[in-house]
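Engineer: structure, please.
(one chain, ligands or ions: 1)
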Amino acid sequence: MVIGNLERLSDVEKLSAHVTRLLGQNPGLMTLQGTNSYLLQPPSNPHAPLILIDTSSPHTATQYIDLLMTHLHHLALESGTRETHFESAYAQASLKNLPEDKVDEVKASIVENRSKDPRHTEIELLEYGPGSGWKSTYTKERKLPNIDHIILTHRHLDHVGALPLLLKTLKEKGCNIPKIWKLPSPDEEQLALNEKDRPTSDAEIWNSLPKGTYHSFSPFQPFHPIIPGLMISIIDPVYKHLLRHDKDGRPKWNEVPEIARVSLRCLKTPGHTQDSISLVMLEGEKGVFTGDTVLGSGTTHFSDLASYMTSLRTLLALKPNVLYPAHGPHIAKAEKAKAHLQNYITHRQQREDEILSILQKSAEGNDGKTVVDTIIEMKIQLHQKLEEENDAKGPLMFDRRKPKKLSDNPFEDERKALEKAEQDGSRPAKALPLSVLVRILYKSEDEKLLTAAGKNVVAHLVKLEQEGKVRKLTGKWCKLIAGTVGEKLEDIEVWEYIGEKEHMKVE
Ligand SMILES: [Zn+2]
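Structural biologist: Numbers count the residues shown, from 1 in each chain. The predicted structure follows:
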């Protein structure tokens, strides 16, 4: 399933020696092609333990976990840990076709052939070697490589929602139980108070996890807490003997070859949410996993713009060679990653300048135009744009949105309703409500787009207010929804430009 014009991504794709991307099977307006969940493993051994970054949404957990388990089976087969070969329904059915007294002989010859195979590994020899008997050393845990660590980049449900089913499934398949890592939400209390945010609070996510399916940090704290600078590592067990420790007992990872390890350094990158982190991989291409802080295409949402901008600058300063975002394609090559991050920064700066300029113009009288004039003007422009698009499609087009020809006095009813609101309401004349501001900014009346964009505009306004450039007031005015003007007057927040000078005086 592809949404709009997005580039098509494969369900499972090996992006580099250490990194494989699995799509969360949850494409959508906000999730783009779906959540990217990343599996990291030392390339030396397909049976080495793995690190998993993020999962998928609750409603797509089944499909996502099917995909993940299939991939783990592939890794197990690749590694030569092939008990599954005899255990699978297919193998059982094949063996049934043999005369009973030949079954062991055939199995033995398969095992022998495999041990002669130049690709066989030590693991294989241990389990299949002459005299060891493949059946007796068979252990369920050996069947699939283990996911040792699950790291959550932040609290949102399209990242944590598949976790309960995943943990249950891993346990059922006989895999070792993993540790779950997350930055404790700094705004946990606020999240718990807000009905919409509550399911994403740490406490609620903990409650959703089946007991005994993960390594708890403590009886009161199931998640292993991420602290900035923390390193989470995996080492191929075959190379474990190379790992030495310094005199303080810290592992000297550098002495183990890069192909036999994978390690991530945790960074705090708040802004999208307060608990957002990024992860820097220390091996191979030294890529950075950005969570929702940076996406593969388009812009992201943020709750706190000031800290969001700092986080973007932190990522830029890291000079990443590859960006692995939580949605959309990865960005390979250092120049592209740098340009991508810089675009994010300039885009936000431009938005901020635009918002400020619209409010400033309004404060200075907007060239004699009233708010009503501005809204009606925008409606006419939108209408004309739609007509032009339809003309370009030609006469055979089938489009329900084909607008009626504009009259000499277009949008008369809307104009009257708006003027009435202006007269009866008590809105400070030069201040603009969010509904007007987003319409002018995005030149649209698509309610979905405006609601989503509005959240980011509010974050901009809050930052500008903190900087003393704008002021929030309240007044009475009408609601604007999807091209219609509400008849009732309601209490609304409006924003007013106060400019740099006044700001200096206030201080
Ligand atoms: Zn998110």
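
Engineer: around the ion, pick out the residues from this protein.
Structural biologist: Contacts of the chain with the ion, taken as CB under 5 Å from the ion, map to 156, 292. Backbone N, C-alpha and C define where each C-beta goes, glycine included.

Engineer: remind me, longest strand of the chain?
Structural biologist: strand 484-497 (DSSP state E).

Engineer: can I get that strand in PDB, CA atoms only?
Structural biologist: Extracted as PDB, the C-alpha positions of strand 484-497 are listed here (Å, rounded to 0.1, in the frame of the first residue of the first chain):
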ATOM      1  CA  THR A 484     -17.700  27.500   6.600                       C
ATOM      2  CA  VAL A 485     -18.100  30.300   9.100                       C
ATOM      3  CA  GLY A 486     -19.600  29.500  12.400                       C
ATOM      4  CA  GLU A 487     -22.600  31.600  13.400                       C
ATOM      5  CA  LYS A 488     -22.000  31.500  17.200                       C
ATOM      6  CA  LEU A 489     -19.400  33.700  18.800                       C
ATOM      7  CA  GLU A 490     -17.000  31.800  21.100                       C
ATOM      8  CA  ASP A 491     -14.100  32.600  23.400                       C
ATOM      9  CA  ILE A 492     -10.900  32.200  21.300                       C
ATOM     10  CA  GLU A 493      -7.200  32.800  21.700                       C
ATOM     11  CA  VAL A 494      -5.700  35.500  19.500                       C
ATOM     12  CA  TRP A 495      -2.100  36.400  18.900                       C
ATOM     13  CA  GLU A 496      -0.800  39.900  18.600                       C
ATOM     14  CA  TYR A 497       2.500  41.200  17.300                       C
END
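
Engineer: can you pull the contacts of the residue in the stretch 101-250 of the chain that the ion sits nearest to?
Structural biologist: As assessed by CB to the ion, the ion sits closest to H156 within the stretch 101-250 of the chain, at 3.5 Å. Counting by CB atoms under 8 Å, 6 or more residues apart in numbering, H156 touches 200, 273, 292.

Engineer: tell me the predicted confidence for it.
Structural biologist: At H156, the pLDDT value in this model is 95.

Engineer: my guess is P145 meets H73, correct?
Structural biologist: No. Between P145 and H73 there is no contact under CB atoms under 8 Å: 9.7 Å.

Engineer: pLDDT-wise, which helix or strand of this structure ranks last?
Structural biologist: helix 122-128 (a mean of 38; mean pLDDT, DSSP states H and E).

Engineer: toward the C-terminus, what is the element adjacent to that helix?
Structural biologist: strand 147-151 (DSSP states H and E).

Engineer: by contact count, what packs against that following strand?
Structural biologist: strand 50-53, helix 163-172, strand 179-182, strand 231-235 (3 or more CB pairs under 8 Å, 6 or more residues apart in numbering; DSSP states H and E).

Engineer: save these as TSV, and put in mean neighbour count, mean pLDDT and distance to K393 too.
Structural biologist: Formatted as TSV, the helices and strands packed on strand 147-151 follow (neighbours: other CB atoms under 10 Å; pLDDT from 0 to 100; distance: least, CB to CB, whole Å):
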stretch	mean neighbour count	mean pLDDT	distance to K393
strand 50-53	25	97	43
helix 163-172	19	95	45
strand 179-182	22	97	49
strand 231-235	19	93	53
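
Engineer: per-domain residue ranges of the chain.
Structural biologist: 12-79+150-332, 83-142, 355-375+408-506 (automatic domain parsing).

Engineer: excluding covalently adjacent residues, which one is nearest to H47?
Structural biologist: S79 (3.5 Å; CB to CB, 6 or more residues apart in numbering).

Engineer: with only the CA atoms kept, save stretch 151-171 in PDB.
Structural biologist: C-alpha atoms of stretch 151-171 as PDB (Å, rounded to 0.1, in the frame of the first residue of the first chain):
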ATOM      1  CA  ILE A 151      15.100   0.500  22.300                       C
ATOM      2  CA  LEU A 152      12.200   2.900  22.100                       C
ATOM      3  CA  THR A 153      13.000   6.200  20.500                       C
ATOM      4  CA  HIS A 154       9.900   7.800  22.100                       C
ATOM      5  CA  ARG A 155       6.500   7.200  23.600                       C
ATOM      6  CA  HIS A 156       4.200   7.400  20.600                       C
ATOM      7  CA  LEU A 157       1.900   4.400  19.900                       C
ATOM      8  CA  ASP A 158       3.200   3.800  16.300                       C
ATOM      9  CA  HIS A 159       6.500   3.000  17.900                       C
ATOM     10  CA  VAL A 160       5.500   1.200  21.200                       C
ATOM     11  CA  GLY A 161       2.100  -0.300  20.200                       C
ATOM     12  CA  ALA A 162       3.300  -3.700  18.900                       C
ATOM     13  CA  LEU A 163       5.500  -4.300  22.000                       C
ATOM     14  CA  PRO A 164       3.000  -6.400  24.100                       C
ATOM     15  CA  LEU A 165       2.300  -8.900  21.300                       C
ATOM     16  CA  LEU A 166       6.000  -8.900  20.300                       C
ATOM     17  CA  LEU A 167       7.200  -9.800  23.800                       C
ATOM     18  CA  LYS A 168       4.500 -12.500  24.200                       C
ATOM     19  CA  THR A 169       5.500 -14.000  20.800                       C
ATOM     20  CA  LEU A 170       9.200 -14.000  21.500                       C
ATOM     21  CA  LYS A 171       8.600 -15.800  24.800                       C
END
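
Engineer: please enumerate the strands of the stretch 301-450 of the chain.
Structural biologist: 323-325, 432-433 (DSSP state E, counting those that start in this stretch).

Engineer: out of those, which one sits most buried?
Structural biologist: strand 323-325 (a mean of 26; mean count of other CB atoms under 10 Å).

Engineer: in the stretch 401-507 of the chain, what residue is nearest the ion?
Structural biologist: K455 (12.3 Å).

Engineer: how many neighbours does the closest residue to that residue other than its chain neighbours have?
Structural biologist: Nearest residue to K455, sequence neighbours excluded (CB to CB, 6+ apart): H301, at 6.0 Å. For H301, the neighbour count with other CB atoms under 10 Å is 17.

Engineer: perfect, that will be all.
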